[in-house]
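Colleague: generate coordinates for the sequence data below:
(2 chains)
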Amino acid sequence: MGGDWANWLGPAEWQAVRLSVRVAFWATVVSLPLGIFVAYALARWNFWGKQLLNGIVHLPLILPPVVTGYLLLSTLGRRGPVGEVLDAWFGIVLSFRWTGAAVAAAIMAFPLMVRAIKLAIEAVDPKLEAAASTLGASRAWVFTTVTLPLILPGIIAGSILAFAKAIGEFGATITFVSNIPGQTQTIPSAIYAFLQVPGGQEQATRLVIIAIVIAMAALLLSEYLARRVAQRVAGS
Amino acid sequence: MTLQIKVQHAFAGFDLDVDLDLPAGVSVLFGPSGSGKTTVINAVAGLLRPDQGRIAIGDWVLTDTASRHHSAPHRRRIGYIFQDARLFPHLSVRQNLAYGRWFAPREAKATSMDRTVEMLGIGHLLSRRPATLSGGEKQRVAIGRALLSGPRLILADEPLAALDEARKAEILPYFERLRDEVAVPILYVSHASAEVARLATTVVALRAGRVIACGPPGQVLGDVAVVGARGAASLLTVRVVAHHADGLTELATAAGTLWLPRIADATEATLRVRIMAQDVILSRDRPAGLSALNILQGTISDLRLGEGPGAMVTLAVGEDRLAARITRRSAEALGLAPGQTCHAVIKSVAVAPDAIGTGLRVSPASRD
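Modeller: Numbers count the residues shown, from 1 in each chain, chains lettered A, B, ... in the order given. Have a look, this model is predicted:
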């Protein structure tokens, strides 16, 4: 059965699926700590420039993805101000590499991740955190022993949404890192490429089915976890 | 060990200004909603930073705005029992109880888990989640959690206010045990005088951010300025002598025998009984042929005429004071005056069961 599965997809398609999963995985994992931090800051702190930060985080959701991709290319590209420094000092090149695809996917998925985690943090009663502090827990301990466990389902839901978004990201990715098979050709880029050549429709259809399955599974899983967070926090 | 609380704090439309030196035991902050009770204990807990003030337990200074000192809540070692139990929903009862112990210094872990669990009767709940507990059970667990954090001071913010009468009756004895068995000072917030009468060693009456009276409960709860003429009450210290077959309990007071409907406490237990001033009738001569069973003899120590038709007469009965609220007309007709001997008549059934609490170890004389 497993063998049938492997044969069902051609090597080029497999390559696109594997690359997509790798890109989406690293995009999610690396942006998660920052996502939790930003969500916490937006949910709990009052600081100067809070609305500005909120706007910047949500910008990729509203801007045309091509614009985001172009901005990435012009800052993180080899001749961009940041890209030049990364290349010269650390030998890190992002443009036209899978790592660049991961950066683009992470930025596009970031607002979804932050929104889900922020909702979970807002559902935690700050009175519980005050109670923990009177019992001797410092701020860091309050966060790790009370806040974090209570928002865990929200973190998982946010990560799943971000992962699904990262797998499907097309506009910013193709603008920033192009469409190189094996390097930067993720599922959407591959579908696009297959549709450009005669007879590629069958391969494109198979990738479309995979994309639908992944998106649907992520949505169901995150709905389930969102219900759990509601039950858990209401449990007091 | 005294607790010093000197706090000045301004809110929009309300300002708090208190200066208290409280002795050991249970100090109750007593007053209506909005009088500043919770603000005071949040300042003690460190959850509120006062504009000005000094808060110290003995010589351990928690807040001193003069030297810009303010320890963080988690460094204060204060066991805070909230009105809403605030148990951690993701932890079991056992884990909730143990939470504060993770952070307590070693010498503070002397409070035994087993003993606390037994004292609060929560042994059968240990593996349950807070969501499955009743209101009374949650509050008992919250008391245990505060105790086990090894506190140097316990704060309780209306811990019974969210509970129904039956649950209140269930929890109150645990606070009495806390007062009598645990040598930690307690600062307790309440607006219910029945609770105050049973628990307090010192009562601080607050009104609109100011202290209007501070002293032993017998004194403050009899103060018309604090509780109003209708709410005035006295506390009598009594000893259980015997339980009789007709359902009455015989109690000894300094001024004679008191008969009350059956009390659960064992013979020889010392209790205090709250008697509302409006439930007391006065007579110059020892009355005869009355249905009321309780006739206590005392000396009039104080007589105050109210602005309306009422008068408040205070009798000295042994070391206690017993207040009677009568009309001015009766006071004049009987020719009552301080120094006279007088008899107080109390109906047995007028004393509500929740007005009887276990006695204090601290004797009235040593409170001052």
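Colleague: chain neighbours aside, what residue packs nearest to the closest residue to chain B within chain A?
Modeller: Residue of chain A nearest chain B, by CB to the nearest CB: residue A:136 (3.0 Å). Every residue, glycine included, has its C-beta placed from N, CA and C. If the residues on either side of it in the chain are set aside, residue A:136 comes closest to residue B:103, at 3.0 Å by CB to CB, 6 or more residues apart in numbering or on different chains.
Colleague: what residues are up against the residue of chain A closest to chain B?
Modeller: B:74, B:75, B:77, B:100, B:102, B:103, B:104, B:149 (CB atoms under 8 Å, 6 or more residues apart in numbering or on different chains).
Colleague: then residue A:13?
Modeller: Residue A:13 makes contacts with A:190, A:203, A:206, A:207, as judged by CB under 8 Å, 6+ apart.
Colleague: wait, is it part of a helix?
Modeller: Yes - Residue A:13: assigned to a helix according to DSSP: H, G, I helix; E, B strand; the rest coil.
Colleague: go through chain B and flag its longest helix.
Modeller: helix B:165-181 (DSSP state H).
Colleague: what helices or strands is whatever helix or strand comes next after that helix leaning on?
Modeller: As assigned by DSSP states H and E, the chain's next helix or strand after helix B:165-181 is strand B:186-190. When contacts are defined as 3 or more CB pairs under 8 Å, 6 or more residues apart in numbering or on different chains; DSSP states H and E, strand B:186-190 sits against strand B:26-30, helix B:37-45, strand B:153-157, helix B:165-181, helix B:193-199.
Colleague: redo those as CSV? Include mean neighbour count.
Modeller: Formatted as CSV, the helices and strands packed on strand B:186-190 follow (neighbours: other CB atoms under 10 Å in any protein chain shown):
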stretch, mean neighbour count
strand B:26-30, 28
helix B:37-45, 23
strand B:153-157, 24
helix B:165-181, 17
helix B:193-199, 24
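Colleague: in JSON lines: these, plus distance to chain A and mean pLDDT.
Modeller: JSON lines is the format used below for the helices and strands packed on strand B:186-190 (distance: least, CB to the nearest CB, whole Å; pLDDT from 0 to 100):
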{"stretch": "strand B:26-30", "distance to chain A": "17", "mean pLDDT": "91"}
{"stretch": "helix B:37-45", "distance to chain A": "6", "mean pLDDT": "90"}
{"stretch": "strand B:153-157", "distance to chain A": "8", "mean pLDDT": "91"}
{"stretch": "helix B:165-181", "distance to chain A": "17", "mean pLDDT": "81"}
{"stretch": "helix B:193-199", "distance to chain A": "21", "mean pLDDT": "82"}
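Colleague: any chance of CSV for the ones you listed, columns distance to residue A:68?
Modeller: Shown next, in CSV, are the helices and strands packed on strand B:186-190 (distance: least, CB to CB, whole Å):
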stretch, distance to residue A:68
strand B:26-30, 58
helix B:37-45, 46
strand B:153-157, 50
helix B:165-181, 58
helix B:193-199, 62
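Colleague: quick check: residues of chain B near chain A?
Modeller: B:45-47, B:72-80, B:82, B:84, B:86-90, B:99-100, B:102-104, B:129-131, B:145-146, B:149, B:155 (CB under 8 Å from any CB of the partner chain).
Colleague: returning to what we had before: the residue of chain A closest to chain B - that's part of a strand, no?
Modeller: No - going by three-state DSSP, the assignment for residue A:136 is coil, not a strand.
Colleague: okay, it: pLDDT?
Modeller: Note on residue A:136: pLDDT of 89.
Colleague: cool, and the one 4 residues further on?
Modeller: Residue A:140 carries a pLDDT value of 92.
Colleague: got a list of what residue A:178 touches?
Modeller: A:96, A:184.
Colleague: sorry, that was for residue A:112
Modeller: Counted by CB under 8 Å, 6+ apart, residue A:112 has contacts A:61, A:158, A:161, A:162, A:165.
Colleague: check which helix or strand it maps to.
Modeller: Going by DSSP H and E, residue A:112 is in helix A:98-122.
Colleague: can you give me the buried ones in that helix?
Modeller: A:98-121 (16 or more other CB atoms under 10 Å in any protein chain shown).
Colleague: for it, the distance to its chain's centre please.
Modeller: How far helix A:98-122 lies from its chain's middle: 4 Å, per CA atoms, centre = their mean, to the nearest Å.
Colleague: quick one: average confidence on it?
Modeller: For helix A:98-122, mean pLDDT is 92.
Colleague: residue B:140 belongs to a helix, doesn't it?
Modeller: Yes - membership of residue B:140 in a helix is supported by three-state DSSP.
Colleague: that one and residue B:120 touch, don't they?
Modeller: Yes - if you go by CB atoms under 8 Å, residue B:140 and residue B:120 touch, sitting 4.6 Å apart.
Colleague: quick one: residues contacting residue B:187.
Modeller: Residue B:187 touches B:3, B:22, B:27, B:29, B:41, B:44, B:153, B:154, B:155, B:156, counting by CB under 8 Å, 6+ apart.
Colleague: cutoff 10 Å now
Modeller: B:3, B:5, B:20, B:22, B:26-29, B:37, B:40-41, B:44-45, B:78, B:80, B:153-157, B:202, B:204 (CB atoms under 10 Å, 6 or more residues apart in numbering or on different chains).
Colleague: what number of residues lie near residue B:301?
Modeller: Each residue near residue B:301 was counted by other CB atoms under 10 Å in any protein chain shown, and the total is 15.
Colleague: mind checking the SS state of it?
Modeller: Residue B:301 ends up strand, using three-state DSSP.
Colleague: my guess is it meets residue B:318, correct?
Modeller: No - judged on CB atoms under 10 Å, residue B:301 makes no contact with residue B:318 at a distance of 12.0 Å.
Colleague: could you list the low-pLDDT ranges of the stretch 101-250 of chain B?
Modeller: B:108, B:110 (pLDDT under 70).
Colleague: in it, which residue sits nearest chain A?
Modeller: For the stretch 101-250 of chain B, CB to the nearest CB, closest residue to chain A: residue B:103, 3.0 Å.
Colleague: show me which residues of chain A sit near chain B.
Modeller: A:124-125, A:127-139, A:141-142, A:145-146, A:148-150, A:152, A:231-236 (CB under 10 Å from any CB of the partner chain).
Colleague: report the buried members of those residues.
Modeller: Counted by 16+ other CB under 10 Å, the residues of chain A next to chain B give A:124, A:128-137, A:141-142, A:145-146, A:148, A:150, A:152, A:232-233, A:236 as buried.
Colleague: follow-up on the earlier one: could you flag which of the residues of chain B next to chain A are buried?
Modeller: B:45-47, B:73-74, B:76-80, B:82, B:84, B:86-90, B:99-100, B:103-104, B:129-130, B:145-146, B:149, B:155.
Colleague: now, those that are in helices?
Modeller: B:45, B:99, B:100, B:103, B:145, B:146.
Colleague: closest to residue B:328 among these?
Modeller: Closest approach to residue B:328 among those (CB to CB): residue B:45, at 46.6 Å.
Colleague: neighbour count for residue B:140 and residue B:120, which is higher?
Modeller: Per other CB under 10 Å, whichever of residue B:140 and residue B:120 has more neighbours is residue B:140, with 25 against 22.
Colleague: mind listing the strands for chain A?
Modeller: Here chain A has no strands by DSSP state E.
Colleague: from what I can see residue A:19 touches residue A:185, true?
Modeller: Yes - if you go by CB under 10 Å, residue A:19 and residue A:185 touch, sitting 6.6 Å apart.
Colleague: for those two, indicate the residue with more neighbours.
Modeller: Using other CB under 10 Å as the criterion, residue A:19 and residue A:185 rank with residue A:185 on top: 25 against 21.
Colleague: tell me how far the residue of the stretch 101-250 of chain B closest to chain A lies from residue A:118.
Modeller: 28 Å (CB to CB, to the nearest Å).
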